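Chemist: Structure for the following, please:
(chains A and B)
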Amino acid sequence: MSQAAEKSDQATALEKNMKEIVALCKRRGFIYQASEIYGGINGFWDYGPLGTELKNNLRDWWWRKMVLCPPIGPDGTPVDIVGLDSAIIQNPKVWVASGHVGGFADPMVDCKETKLRYRADHLIVFTPKDGQGSSIAVQEGDDFEESKARRFKKFAGKKTDADFEKRALSDIAFSEFANIIGPDASKPGTLTEPKAFNLLFETKIGAVASDDNVAYLRGETAQGIFVNYKNVLDSSRVKVPFGIAQIGKAFRNEVNPRNFIFRSREFEQMEMEFFCHPKDAKMWFDFWKEERQKFWQEIGLTKGNLLMREHGHNELVFYSKGTFDIEYKFPFTDPGFGELEGIAYRTDYDLTQHQTHSGTKLEYIDQTTNERFLPHVIEPAAGLTRGVLALLCEAFTPDPSRPSGVYLNFHPRLAPKKAAILPLTAKDGHPEIATKLYLELREEFPVDLDIKQNIGKRYARQDEIGTPYCLTIDNDTLKDETITVRHRNSMKQERIGLSNAKEFIRKGLESAAQ
RNA sequence: GCGGGCGUAGCUUAGUGGUAAAGCGUUGGCUUCCCAAGCCAAUGAUGAGGGUUCGAUUCCCUUCGCCCGCUCCA
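Modeler: The predicted model follows:
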């Protein structure tokens, strides 16, 4: 290792931590790099045997809390939410209506001088009305007025605000760029032609590829819900307010995948669109903000690592009347936080768009009040794969005092394996009893049976994959039908009856998050 | 996408212009009454492609991937 690399390792001990988490994930079969034997592929990851279990556990828990057993609403009545599983590929018009094609295809410009990149629609250009001198570009943002004053002082001469015409860079022909001074440049003409960045993956439908059959892999699961809103309304006897939930893959051609599975090009979402009367939207927004925070705490993320952050005016998308992010303190964002879930008040934007583009009436008719309206939507949209990453980071607990040096402190209900059945030795009838217990327990829980090697090695292995309980069969078991429970976190042991094993694990799964 | 750093077994490291070394892991066998113990054996790597060379893991180029900063993230 070079000196420079050594230095950077020392400088960021937290990065090292992330490295260890990634290494453990691979070593024990949680997450592998996709297509690894071919050199990998940037932005894609495969879930191994244990990663799949972990992800499924989080997915199922969300579904249970959202669809099968949703919380009681603010007025004391149960909330009504139904499930959906829409196709990944829809009519391309869906993505035109949603704004993903065209509207959000943010054109970017680079500055050749400073190597900085900007969104073209975020650059405000001031062009002198008299045609004398250069145009001045300023980036939109919190410090817009400040930056503008600074750049004017430097480049505007005696001209004032009134002497300039104000336009977005995206509305200006490239032929004029030669006369524009970039936001951080020292001279005009350093901005490149805007390049369109469409984050949607394109594909072609049918065996013969042509431009006529372009389609898109969904960039979010939400649109599948909006386009089925009327179907659900007509077929499932729900009434406003109600929600439609969906879990599934989504795809975004991220400019720069980073940080393990945090930002990848193929990922999984858990989204719920809650349709309500516009006058109740505020109430439901507050309700879901609360509920969603509880959810993440319930599965074991500690309060100190969670943050509720409101979007500022600049990052708020134009149709949203408010968005909160639930953020988690990942090792790679520490001391900052990274988004786990967004809770957005989307108004009636999506339904309006689809109503307009499809020509299908999407109004809701309230039979009791005879009112017609487009419901407003509150959207809690969580990243399933980001949730998995947060669980792994939270659970990862270095402990130099134990042989494995580390254990994963999963809540039992999230742990990929709930228990391991370990005969103390591979003789004296231990394996026979262990196998019988294993066959009995696996009907209800994911459990491991491990007979080979010494007991210490086997405990250590289970620590590394976060199995909360090890059940050990020994000579006493033969005599009095008791087994040893070895607890993952404390390494302490207790003796329970062989026949109580099922009930013991059940209780563990129901326990509150620590 | 830009700039910087880095690619040797599953992991951690060693080493060399001339047969690539070790510990741990993993697998099998023996042993073992509670935390990676002991013994025996097996397993397995220079990210990929090209160039220079009699010969490249080592030198050069390209590419892929990972990490860091910037940028981006509907």
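Chemist: Give me the contact list for whichever helix or strand residue A:486 is part of.
Modeler: Assigned by DSSP states H and E, residue A:486 belongs to strand A:482-487. With contact meaning Cβ atoms under 8 Å, 6 or more residues apart in numbering, strand A:482-487 is reached by A:437, A:459, A:468-474, A:476-477, A:492-498, A:501, A:504. For the C-beta atoms, the positions are set from N, CA and C on the backbone; glycine is no exception.
Chemist: Now that residue A:260 has come up, it's in contact with residue A:388, right?
Modeler: No - assessed by Cβ atoms under 8 Å, residue A:260 is found out of contact with residue A:388, at 10.3 Å.
Chemist: any low-confidence regions in the stretch 151-300 of chain A?
Modeler: Residues of the stretch 151-300 of chain A that meet the criterion pLDDT under 70 lie in A:195-197.
Chemist: Residues of it that sit close to RNA strand B?
Modeler: Taking Cβ under 7 Å from any atom of the strand as the contact definition, the stretch 151-300 of chain A meets RNA strand B at A:197-200, A:219-220, A:252, A:254-260, A:263.
Chemist: okay, now the domains of chain A?
Modeler: Domains of chain A are assigned by automatic domain parsing as A:49-100+A:215-393, A:107-196, A:405-510.
Chemist: Kindly reformat these as TSV and extend each row with distance to residue A:23 and mean neighbour count.
Modeler: As requested, the domains of chain A are exported to TSV (distance: least, Cβ to Cβ, whole Å; neighbours: other Cβ atoms under 10 Å):
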stretch	distance to residue A:23	mean neighbour count
domain A:49-100+A:215-393	11	18
domain A:107-196	33	16
domain A:405-510	10	18
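Chemist: so where does residue A:151 fall, helix or strand?
Modeler: Using DSSP H and E, residue A:151 falls in helix A:144-155.
Chemist: Provide the contact partners of the helix or strand just after that helix at residue level.
Modeler: Next helix or strand after helix A:144-155 toward the C-terminus (DSSP H and E): strand A:164-168. Contact partners of strand A:164-168, identified using Cβ under 8 Å, 6+ apart, comprise A:120-121, A:123-129, A:136, A:156.
Chemist: quick one: the helices in chain A?
Modeler: A:3-11, A:13-27, A:49-63, A:93-98, A:144-155, A:222-226, A:229-235, A:281-298, A:349-358, A:384-395, A:430-441, A:455-465, A:475-480, A:501-510 (DSSP state H).
Chemist: For residue A:343, find the nearest of those helices.
Modeler: Proximity of the helices of chain A to residue A:343 was assessed by Cβ to Cβ; the nearest stretch is helix A:281-298, lying at 5.5 Å.
Chemist: show me what contacts residue A:201?
Modeler: By Cβ under 8 Å, 6+ apart, the residues touching residue A:201 are A:216-217, A:251-253, A:265.
Chemist: Out of those, which is nearest to RNA strand B?
Modeler: For the contacts of residue A:201, the closest approach to RNA strand B (Cβ to the nearest atom of the strand) belongs to residue A:252, at 5.3 Å.
Chemist: Run a quick neighbour tally on the nearest residue to the closest one once chain neighbours are set aside.
Modeler: Once flanking residues are discounted, residue A:252 sits nearest to residue A:199: 4.6 Å by Cβ to Cβ, 6 or more residues apart in numbering. Using other Cβ atoms under 10 Å, residue A:199 has 15 neighbouring residues.
Chemist: Residue A:306 versus residue A:486, what's the distance?
Modeler: Shown here: residue A:486 relative to residue A:306, a distance of 31 Å by Cβ to Cβ, to the nearest Å.
Chemist: ugh, wrong one, I meant residue A:257
Modeler: Per Cβ to Cβ, residue A:257 is found 24 Å from residue A:306.
Chemist: Quick one, grab the pLDDT at the spatially most central residue of chain A.
Modeler: For chain A, the residue whose C-alpha lies nearest the mean C-alpha position (Cα atoms, centre = their mean) is residue A:383; its distance is 2.2 Å. Confidence at residue A:383, expressed as pLDDT, is 95.
Chemist: Pop out the phi and psi values for the closest residue to residue A:374 other than its chain neighbours.
Modeler: For residue A:374, ignoring the flanking residues on the chain, the nearest one in space by Cβ to Cβ, 6+ apart is residue A:348 at 4.1 Å. Torsion angles at residue A:348 (phi, psi; degrees, to the nearest 10) stand at phi -100, psi 20.
Chemist: so residue A:348 sits right up against residue A:364, yeah?
Modeler: No - look at residue A:348 against residue A:364 with Cβ under 8 Å: they stay out of range, at 10.2 Å.
Chemist: any common contacting residues for these two?
Modeler: Counting by Cβ under 8 Å, 6+ apart, the residues touching both residue A:348 and residue A:364 are A:374-375.
Chemist: Write out the residues of the stretch 301-450 of chain A neighbouring RNA strand B.
Modeler: The stretch 301-450 of chain A comes close to RNA strand B at residues A:315, A:317, A:332, A:402-405, A:424-428, as judged by Cβ under 7 Å from any atom of the strand.
Chemist: okay, those residues in CSV with pLDDT next?
Modeler: Converted to CSV, these look like this (pLDDT from 0 to 100):
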residue, pLDDT
A:315, 77
A:317, 81
A:332, 88
A:402, 84
A:403, 83
A:404, 84
A:405, 84
A:424, 93
A:425, 90
A:426, 88
A:427, 86
A:428, 86
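Chemist: all strands for the stretch 251-400 of chain A, in order.
Modeler: Applying DSSP state E, counting those that start in this stretch to the stretch 251-400 of chain A gives strands spanning A:266-276, A:306-310, A:323-328, A:338-347, A:364-366, A:371-373, A:376-383, A:396-398.
Chemist: Need those in TSV (columns: distance to residue A:90).
Modeler: Shown next, in TSV, are the strands of the stretch 251-400 of chain A (distance: least, Cβ to Cβ, whole Å):
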stretch	distance to residue A:90
strand A:266-276	15
strand A:306-310	32
strand A:323-328	24
strand A:338-347	18
strand A:364-366	22
strand A:371-373	26
strand A:376-383	18
strand A:396-398	38
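Chemist: comparing those, which gets the lowest mean pLDDT score?
Modeler: strand A:396-398 (a mean of 90).
Chemist: That one packs against which elements?
Modeler: helix A:13-27, strand A:406-408 (3 or more Cβ pairs under 8 Å, 6 or more residues apart in numbering; DSSP states H and E).
Chemist: Quick one: mean pLDDT for the first one?
Modeler: Here the mean pLDDT over helix A:13-27 is 74, rounded to a whole number.
Chemist: Next: stretch A:45-54.
Modeler: 93.
Chemist: Residue in the stretch 51-200 of chain A with the shortest distance to RNA strand B?
Modeler: For the stretch 51-200 of chain A, Cβ to the nearest atom of the strand, closest residue to RNA strand B: residue A:199, 2.2 Å.
Chemist: Do I have it right that that residue meets residue A:250?
Modeler: No - between residue A:199 and residue A:250 there is no contact under Cβ under 8 Å: 10.6 Å.
Chemist: Find residues that contact each of the two.
Modeler: Residues touching both residue A:199 and residue A:250 by Cβ under 8 Å, 6+ apart: residue A:219.
Chemist: In space, what's closest to residue A:169 - neighbours in sequence excluded?
Modeler: Closest to residue A:169 by Cβ to Cβ, 6+ apart is residue A:123, at 3.9 Å.
Chemist: Residue A:309 now?
Modeler: The spatially closest residue to residue A:309, leaving aside those adjacent along the chain, is residue A:325, at 5.0 Å (Cβ to Cβ, 6+ apart).
Chemist: Just list the residues touching the one you found, thanks.
Modeler: Per Cβ under 8 Å, 6+ apart, neighbours of residue A:325: A:308-309, A:311, A:339-343.
Chemist: so which of the residues you listed would you say is closest to residue A:75?
Modeler: Closest to residue A:75, out of all of the contacts of residue A:325 and judged by Cβ to Cβ, is residue A:343, at 19.6 Å.
Chemist: Strands along the stretch 101-250 of chain A, start to end?
Modeler: Along the stretch 101-250 of chain A, counting by DSSP E, counting those that start in this stretch, strands occupy A:107-110, A:117-119, A:123-128, A:135-139, A:164-168, A:180-181, A:195-196, A:202-204, A:214-216, A:242-251.
Chemist: Alright, that wraps it up for me.
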